[in-house]
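>>> Quick one, fold the following:
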Amino acid sequence: MNNLFVGLTLFAVSHIIIWFQVNGQFVWPWCKDNPWTMAILGLPISYILIIATKYIVAGFDGLLWPGRLIGFGTGMVVMGILTWVMLGEGLTTKTLVSLTLAITLVALQVFWK
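Have a look, this model is predicted:
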């Protein structure tokens, strides 16, 4: 269970950084004016994702699919929360249903063994 916790945490951290890397242009003019500097963030993000995948695969006894689904679901949840908090973009019924499905996807992978 420790491997899963570390992997989930690293996936969440990487998706938070990705959100700011890609969407910072809509929050701060500096990010909009410096896309190449923002693109350089891709290197540490990739490293974090590689390590997160390593922990998730270890937590699932060598299975790769659960990590892919957990990474996707975590990204969806982070996207929904940060877009709402940072940009004030409301949660529509469609978005809430999508977030519920993403949370369900992560929960299925973590708790159904």
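>>> which residues sit against the helix or strand bottoming out on mean pLDDT in the chain?
Least confident helix or strand of the chain, by mean pLDDT, DSSP states H and E, is helix 93-111 with a mean of 90. Helix 93-111 is touched from outside by 4, 8, 60, 66, 69-70, 72-74, 76-77, 80, 91, with contacts defined as CB atoms under 8 Å, 6 or more residues apart in numbering. The C-beta positions use only the backbone N, C-alpha and C, and glycine is treated the same way.
>>> Show me the residues you listed that map onto helices.
Secondary structure defined by DSSP state H assigns 4, 8, 66, 69-70, 72-74, 76-77, 80 of those to helices.
>>> Columns pLDDT on top of those, output as a markdown table?
Converted to a markdown table, the ones in helices among the contacts of helix 93-111 look like this (pLDDT from 0 to 100):
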| residue | pLDDT |
| --- | --- |
| 4 | 93 |
| 8 | 95 |
| 66 | 93 |
| 69 | 90 |
| 70 | 92 |
| 72 | 92 |
| 73 | 90 |
| 74 | 94 |
| 76 | 90 |
| 77 | 90 |
| 80 | 90 |
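>>> ok, back up a step: which of the contacts of helix 93-111 sit farthest apart?
60 and 91 (30.5 Å; CB to CB).
>>> I'd like to know which of the ones in helices among the contacts of helix 93-111 is nearest to residue 32.
Once CB to CB is applied, the member of the ones in helices among the contacts of helix 93-111 that ends up nearest residue 32 is residue 80, at 22.6 Å.
>>> For the nearest residue to residue 32 once chain neighbours are set aside, give me its contacts.
Nearest non-adjacent residue to residue 32, counting by CB to CB, 6 or more residues apart in numbering: residue 25, 4.0 Å away. Neighbour list for residue 25: 31-32, 35, 38 [criterion: CB under 8 Å, 6+ apart].
>>> which SS class is residue 25?
Following DSSP: H, G, I helix; E, B strand; the rest coil, we place residue 25 in the helix state.
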